[in-house]
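>>> quick check, what structure comes out for this input:
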Amino acid sequence: MSAGSESAAYFKHTPESAKQFAESLRENSVEFVRFELPDLAGLSRGKTVPIDHVESYTLNGLNLYGGTVTLDTNSIPIAGVGYNEDVNFADCLMVPDPTTVSNVPWLANTARVICDTKWYDGRPQHAAPRTVLKNVLAAAAEAGYGVKMGHEFEFYVVDLETRQPIYSGQPIFVTAIAHRYPQFDKLMRVLNLSGIDMITGNSEHGPGQWELNFDALNGVSAADRAFVFKNTVKEYLRTEGLLATFMTKPYKGLSGSCSHFHVSLYDLKSDENVFLDTGNKDGMSGLMQSFVQGILDHAPAAQALWNPTPNCYRRIRPATFAPSNISWGVEDRSASVRIKASKDKRQHLEVRVPSALSNPYLTAASTIAAGLLGIKAGAILAPERAGLKENDPSFAKLPTEMHESLAALAADEALSGMLGAEFIKVFTTVKGAEIRRLRDEIPAAETNEYFDLY
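Numbering: from 1, shown residues only. Predicted coordinates:
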């Protein structure tokens, strides 16, 4: 953990700031505030507070079961992570960040605020994903860099009862589909009212698959926006009788859902994009090249965070625009790292491996940490190879199973060090338990194959 990250871990309130926060909410006719935190999977958990109690909980913290941020995907407390039986299942305190307040438009006079968590003795919970990202961003700042980033999520929209897509075919970018269902027009308006700067919306390749994009932001605000986006899409569409799923591979033979991650660095003093070199044919500075090579060098370990469930690995197949090897290319959609060579202030890269089920805070933290390690090492980017990178069998392959990526993460001491020992212990322990639990389940395909005939 970098120096200064303790102070960056959560917002420090005073009686004055707590009072001001509550008063600003009252001025906007807010009656209820949802104190929310992103758990290990990026799911929103927390409590709803009437406005008359917001000031007190803001100043003193809102008590919550301390292991909440470490629950597995089935909300099971996992032993041995240091947050559960190890500390007698103690409470933590939620600390709201006033800069993250946004409306919950489908609920009357209700707002949300994103919280960090600390133990009662004041120690931050360093396994909390938002804190992990803050610590990595602090390391970038110490090196003189700010980070601009954005996430793109694909998701399926299905009938709430049948769980089947609401339309068929592969109508990617078909305009008529985009406005056939009034729920989508409503959703885009709800997202804007929630403080999410929507920039595009379109149907994707799969039936009922959608992609709604929003503008990039600096620092943790970008991941905060992605967190609000995912949870808003799921919660709001359910009020419209639909179910949105960010499950990576919900259907055999249909497109998986991804979360492409866009990132660039800028100089904190000059505000200039340090990825840009107009003298380079692709606009890539030497620093950008080292950053890219860092991502490639640590990709097997980062894969555990980019694709954090066994289901995610069903998406990673050749010729599916879900990269399966460790490669880079200029404007190459088949490469793991795609260089967006605008050759101007927009110059950035796109990591195309992460799944839609990934946690935006952890996707960002692992990618930025890997890139910073590349800069620190002065890594030399291997020359770009011609042709589609996915078709080149000489590239090393990414892990194709969860246990392989977890092993790579455990073996990558440099990346683990950037993300923090406390987080690595929690993440690998929880994910290991998930693998073992799901491995004991009998898939329907096996029952259909063997039960009757044999």
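>>> going forward, measure contacts and count neighbours with C-alpha atoms only.
Noted.
>>> so which bits of the one helix or strand Ser24 maps to are buried?
Using DSSP states H and E, Ser24 maps to helix 15-27. For helix 15-27, the neighbour count (16 or more other Cα atoms under 10 Å) marks 18-19, 21-23, 25 as buried.
>>> how far away is the spatially most central residue of the chain from Ala369?
Centroid-nearest residue in the chain: Pro360, 1.1 Å away (criterion: Cα atoms, centre = their mean). Noted for Pro360: a distance of 14 Å to Ala369, by Cα to Cα, to the nearest Å.
>>> in TSV: the buried residues of helix 15-27, plus pLDDT.
Shown next, in TSV, are the buried residues of helix 15-27 (pLDDT from 0 to 100):
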residue	pLDDT
Ala18	97
Lys19	98
Phe21	97
Ala22	98
Glu23	98
Leu25	98
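>>> which of those lies closest to Asp282?
Phe21 (46.6 Å; Cα to Cα).
>>> can you tell me which residues contact that closest one?
Counting by Cα atoms under 8 Å, 6 or more residues apart in numbering, Phe21 makes contact with 55, 98.
>>> begin at 343 from now on, thanks
Sure, I'll start numbering at 343, so the last one becomes Phe363.
>>> which pLDDT value goes with Ala664?
Looking at Ala664, its pLDDT stands at 88.
>>> if we ignore the residues flanking it in sequence, what's nearest it?
Counting by Cα to Cα, 6 or more residues apart in numbering, the nearest residue to Ala664 once its immediate chain neighbours are dropped is Ile658, at 5.3 Å.
>>> again, but for Met491
Spatial nearest neighbour of Met491, excluding adjacent residues (Cα to Cα, 6+ apart): Val605 at 4.3 Å.
>>> helices of this structure, start to end?
For the chain, applying DSSP state H gives helices covering 347-350, 357-369, 396-402, 471-484, 517-520, 524-535, 562-581, 628-639, 641-648, 702-719, 744-753, 755-761, 763-781, 786-792.
>>> ok, how many other residues are close to Ser736?
10 (other Cα atoms under 10 Å).
>>> now distance to Met744 too, for the buried residues of helix 357-369, in a markdown table please.
As requested, these are exported to a markdown table (distance: Cα to Cα, whole Å):
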| residue | distance to Met744 |
| --- | --- |
| Ala360 | 43 |
| Lys361 | 46 |
| Phe363 | 43 |
| Ala364 | 44 |
| Glu365 | 47 |
| Leu367 | 43 |
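>>> between those residues, which sits nearest Val396?
Ala364 (6.0 Å).
>>> ok, the closest one touching Leu401?
No. Counting by Cα atoms under 8 Å, Ala364 stays clear of Leu401, with 10.3 Å between them.
>>> quick one: Lys576 from Leu502, how far?
Distance from Lys576 to Leu502, counting by Cα to Cα: 11 Å.
>>> got any residues that touch both of those two?
With Cα under 8 Å, 6+ apart, Lys576 and Leu502 have common neighbours Leu585.
>>> can you give me the strands for the stretch 593-742 of the chain?
Taking DSSP state E, counting those that start in this stretch as the criterion, the stretch 593-742 of the chain carries its strands at 601-609, 670-672, 679-682, 690-693.
>>> redo these as JSON lines? Include mean neighbour count, distance to Ile541 and mean pLDDT.
Formatted as JSON lines, these follow (neighbours: other Cα atoms under 10 Å; distance: least, Cα to Cα, whole Å; pLDDT from 0 to 100):
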{"stretch": "strand 601-609", "mean neighbour count": "22", "distance to Ile541": "15", "mean pLDDT": "97"}
{"stretch": "strand 670-672", "mean neighbour count": "22", "distance to Ile541": "24", "mean pLDDT": "97"}
{"stretch": "strand 679-682", "mean neighbour count": "24", "distance to Ile541": "18", "mean pLDDT": "97"}
{"stretch": "strand 690-693", "mean neighbour count": "24", "distance to Ile541": "17", "mean pLDDT": "98"}
